[in-house]
Structures are given as C-alpha cells and as structure tokens.
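Novice: Have a look; sequence and predicted model below, questions after that.
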Amino acid sequence: MKLKYIIDKLDSKLERFLIKEEYRAYLYDTYFKIVRNRVNAEYCKGLIRLGRKKEIVQKIINYLIETQNKDGSWNEIHLYYNEPSSLVTSIVGDAMIEWYKSTGDEGLIDTIESAKNYVLSNKKGSGYFIKSKNYHQDHLNVDATCADFLSSYAGCFSNDDSKQIAKTSLDHIRNHQFNDGVFPYRVKTGGMNNSMNVPCIHYQGVTIYYLKKTFKNLELENADWLVKATDWLANSQKKDGSFDWSKSSLMFAYRLTGAYAFALASYSLIKKEEYSQKTKQCSEILDDHIDDLVLRWEIKKNSELLPSLVSVLVSSNRGNNNIIDFLYKTGYGYYREFSRRRYTEDPDKDILFEKLNDMFSLSSSTIEPSKNYPDLFMTTECFDCLTYVMS
C-alpha cells in the first residue's frame, strides 16, 4: 500500500533527527539549530497512532511537559521568533490527549487542562482564536486547529462547554467560506490589508484536515460546505496530479510540498469516489519529494520556468489593496520560482529575500533560503496527517 510505504519512509527519515536522553527525547532541526514543540508533538501523534516506539513517545511527552509554560501554553518556535501560541498549544495538547487515551496516565490531566484553558483564553469574537502573541488576526486554519483540540478534549472528558465552543468555531469558519468553497487564509476585518484574504492551496488542505478531525470528534456527518471545500481543492489539481498554483495567492505558502499530503488526507477523510485518482496522484508526487526529508517546495524543471512565472502573475493579482501589494507578491513569487529549482542541505536566510522585505518595509516570519531543502517541519506535518488517515 503506497500510503504505508510513505509513512514508513518518513518514520525512518525522522528517526535520524531524534536526540535520546535518559528521561526525554526530541527531534532536533540540524539545519536551523532549533527544537520545535510542534514538530515533536506531530511526530508523537504519528507514533501513537501507529503503536510504535512507546518508550520514545513517553520520552517526547516528558520533554513537552517540561517545555509547557506556566500559563498552560507552548511556544511556537521559528528561526525568527519564539512565543506562546494557541495554535501550537492545540497541536501539543492534542498529542497529550492521544497519549492519555493510550496510557490512562492521570498525571497528564493537569497538563491537558491548563492547555485547554490557555486556548480558551485566546478565543475572540464569534469563534476565532488568536494565533500567538504577535498575530491577533483571524486565520481560519488556526480556528480549525483549536476547534479540533477542544472537540478532542470534549470527547475525552465529556465537557459540554468545549464541545459548544468547537461547534461555534465551525459555524464561524463556514460563515467566512467563499462561495466557490475556498477557506481564505485570513479573514478581512476592519481596515486590515486584504492581501491575505485569498485562496491558498496548502492551507485549504490544512483547514479541511482539522475540520474533518473536529467533525469526527463531535460525531458529525460530512457537511455539504466541507465537501464543497474539498471539491475546490480537487479541481485545483491538473490532469497529471500537480496543483495549478495560479489558483493560490498566499505567496509564503506557494508551492509547499505539504499541500499534497494534506490534500491526500482531505480526500481520504471525505471518502468521495471521485477523489480516488487524485489521492493516488498526491501520494506519488509526495513520494517523489522525499529526499533526506520532505523537500520544502515542489520541484520543477528549468524548462518549465516561463509558465511558472506567468502563474505567479495570476496569483499575485488577487487580494491587493494597492500596487505595492501586487509588486511585493510578484517579487516574492518570482524569488520562490528560482529558489525551488536549486537544492541545498545547508539552508540559511538569504540576503536577496531580506532586501526584498526591506524594499517594501515588511518583515517576514517565514524561513526563505535561496535554495530548496529537506525540511523537518514539513516532514512532521506530513507524518501527522498521513498517520491519521492510516488510523
């Protein structure tokens, strides 16, 4: 079975980055010299679902418990920042629930409870959640991830309040869905810049994945609006299975290989017969992008560069408030088209990309090396969603 083959392949790749100590273990990103809570939680969840390496799982859980903040949160750790995050807290908290259900270890209850309270403290308005300390806008994929954790908590501990809040979040996401089925990356509120209130192929799959998990936790049947969202994703694939990225306008998530893993998971969880060929194609393309780890970006031949540059122009022409937005997104997209065609095992932030940000007086939270690279972060994301499909 192709899916099992890919999961086993990912597991063997990830194990090489595992640091084992007497009482704890964690995945260490040797490329960026950081340890991410999210990466370890996603790896942990995958192993729990597969029933593998229980001693290692316990040690990773021990590490995550040590890194929990006093307010119940876990930090989102990037090369450029390290701050408490309801998104990451939901992902780690879900891993804790998975391990609690597997072991019955009541020592985890306080850890899970404080995580739940932190996430709830970041709920705003009609059902959205603040992502982290410096990101207060409404990102629908964050809402879906938090709803997944709260619905998992509700199911595990029979908590009606968390159940109702998760349902409210589902309604909020549905209310902001575009007519064609798209979940925009960020909801436009007030005078906020419109540049991220756009479709994104990668985050469409991410949002569907966490929504489907929430539906299952709440024992809900597939809704028409969720199937419509998945249809949009399927219709964004070309005959050869690759995505038509001109339909995607979030440039920092442009050409991410994880899109194929999340699409595969979305198709598998919705279980619509028309998705079977798309699912197969996603698995084949994803397999082609597993090197030392999963490559960060989709690779293409240099001979296909010109059509790719045209695609960037189409993508950049959505969600702009002014010409500056368009020029920045176009420059970002062109940078990506050239960088993804080259390869390195030693990524670092690139001077050209820094100059691009300086030119438009912007700052980026993303890691943008000038070459494609094996990405631990992308690999555990894929491992998480694919093992959920297997389970």
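Specialist: All right, it came through fine. Numbers count the residues shown, from 1 in each chain.

Novice: quick one: the helices in the stretch 101-250 of the chain?
Specialist: Here the stretch 101-250 of the chain has its helices, by DSSP state H, counting those that start in this stretch, at 109-121, 140-157, 160-175, 201-217, 224-235.

Novice: Return the list of helices and strands in contact with the second one.
Specialist: Judged by 3 or more Cβ pairs under 8 Å, 6 or more residues apart in numbering; DSSP states H and E, helix 140-157 is in contact with helix 86-103, helix 109-121, strand 128-129, helix 160-175, helix 201-217. The C-beta positions use only the backbone N, C-alpha and C, and glycine is treated the same way.

Novice: let's see it at 10 Å
Specialist: helix 86-103, helix 109-121, strand 123-124, strand 128-129, helix 160-175, helix 201-217 (3 or more Cβ pairs under 10 Å, 6 or more residues apart in numbering; DSSP states H and E).

Novice: so what does the longest one touch, helix or strand wise?
Specialist: This means helix 86-103. Against helix 86-103 (3+ Cβ pairs under 10 Å, 6+ apart) you get helix 37-50, helix 54-67, strand 74-77, helix 109-121, strand 128-129, helix 140-157, helix 201-217, helix 376-390.

Novice: what do you get if the cut-off is 8 Å, keeping everything else the same?
Specialist: Contacts defined by 3+ Cβ pairs under 8 Å, 6+ apart place helix 86-103 against helix 37-50, helix 54-67, strand 74-77, helix 109-121, helix 140-157.

Novice: For it, list every residue counted as buried.
Specialist: Of the residues in helix 86-103, those buried by neighbour count under the rule 16 or more other Cβ atoms under 10 Å are 86-100.

Novice: so, if you compare those residues, which one comes nearest to Ala115?
Specialist: Using Cβ to Cβ, Gly93 comes nearest to Ala115 of these, at 3.7 Å.

Novice: Excluding chain neighbours, what is closest to that closest one?
Specialist: Ala115 (3.7 Å; Cβ to Cβ, 6 or more residues apart in numbering).

Novice: In contact with the one you found, which residues?
Specialist: By Cβ atoms under 8 Å, 6 or more residues apart in numbering, the contact list for Ala115 reads Gln68, Gly72, Ser73, Trp74, Thr89, Ser90, Val92, Gly93, Met96, Phe149.

Novice: Now render these as JSON lines, adding pLDDT and distance to Ile323.
Specialist: Output for those, formatted as JSON lines (pLDDT from 0 to 100; distance: Cβ to Cβ, whole Å):
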{"residue": "Gln68", "pLDDT": "97", "distance to Ile323": "45"}
{"residue": "Gly72", "pLDDT": "96", "distance to Ile323": "44"}
{"residue": "Ser73", "pLDDT": "96", "distance to Ile323": "39"}
{"residue": "Trp74", "pLDDT": "97", "distance to Ile323": "40"}
{"residue": "Thr89", "pLDDT": "98", "distance to Ile323": "39"}
{"residue": "Ser90", "pLDDT": "98", "distance to Ile323": "38"}
{"residue": "Val92", "pLDDT": "98", "distance to Ile323": "41"}
{"residue": "Gly93", "pLDDT": "98", "distance to Ile323": "43"}
{"residue": "Met96", "pLDDT": "98", "distance to Ile323": "47"}
{"residue": "Phe149", "pLDDT": "98", "distance to Ile323": "40"}
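
Novice: For stretch 32-44, the averaged confidence score.
Specialist: Here stretch 32-44 scores 95 as its mean pLDDT.

Novice: And that stretch, what's buried?
Specialist: Applying 16+ other Cβ under 10 Å to stretch 32-44 flags Phe32, Arg36, Asn37, Arg38, Val39, Asn40, Ala41, Glu42, Tyr43, Cys44 as buried.
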